[in-house]
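K.L.:
Turn this into a structure:
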Amino acid sequence: MSRIGKKPIPIQKGVNIKLTDHDVAVAGPKGTLTATVHPRLNVEVADGQILVKRGSDSKSDRALHGLWRALLQNMVAGVTAGYSRKLELVGVGYRAEMKGKRLQLLLGFSHPILFVPPDSITVEAPTQTSIIISGIDKALVGQVAAKIRSFRPPEPYKGKGIKYEGEHIRRKAGKAAAAGGAKA
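P.N.:
Below is the predicted model of the structure:
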């Protein structure tokens, strides 16, 4: 039984919900997001709340129920407050800076990496070792952060690379020096 799907989503002031067939458009102070809800689910707006209802109690319908309730909740939160992810660059000479709308990354390669973010995403580099990705679509913010992190993921020996803020990198021990030379 989906406990998440049964919870109503409160609609905050300044948020407008438009339902047409299975399309949901959520408009707020930060922008507008649209989604096409699965045909086996029904979305209703009543008393300042969004309710997601499913047609049957099958396992797949229960899973879709909770999923779409969470996705709609993320849309409402995105158009009111927005989402952001912070990345940290760890390593000697690793730097990030903005060149117009493009992000230039110096990550120890022979060339700088230029990253052009999607239109609905804003990328900032307040310091040379930090990057802030923000936008109204939670999935797109996470996808852009993962793409930037993939240019140089943190390695387990020295911890150098691009990591999420607060991410703990599990360290490995390096090679142990052989005591007394090679054994025969």
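
K.L.:
The residue minimising distance to the centre of the chain: what's it in contact with?
P.N.:
Nearest to the geometric centre of the chain sits Gly142, at 1.9 Å (C-alpha atoms, centre = their mean). Contacts for Gly142 (C-beta atoms under 8 Å, 6 or more residues apart in numbering) come out as Arg85. For the C-beta atoms, the positions are set from N, CA and C on the backbone; glycine is no exception.

K.L.:
From here on, call the first residue 32.
P.N.:
Taking 32 as the first residue, the last one we looked at is Gly173.

K.L.:
helix/strand/coil for it?
P.N.:
helix (DSSP: H, G, I helix; E, B strand; the rest coil).

K.L.:
From Gly109, how far off is it?
P.N.:
Gly173 sits 12 Å away from Gly109, going by C-beta to C-beta, to the nearest Å.

K.L.:
Repeat that for Glu196.
P.N.:
20 Å.

K.L.:
Please say which of these two ends up with more neighbours.
P.N.:
Higher neighbour count among Glu196 and Gly109: Gly109, with 22 against 11, using other C-beta atoms under 10 Å.

K.L.:
Give me the contact list for the helix or strand of the chain with the lowest mean pLDDT.
P.N.:
Every helix and strand of the chain was ranked by mean pLDDT, DSSP states H and E. The lowest is helix 34-37, at a mean of 84. With contact meaning C-beta under 8 Å, 6+ apart, helix 34-37 is reached by Val83, Arg85, Arg93, His96, Gly97, Trp99, Arg100, Ala101.

K.L.:
Would you map the helices across the protein?
P.N.:
Ranges of helices in the chain, per DSSP state H, are 34-37, 90-111, 169-181.
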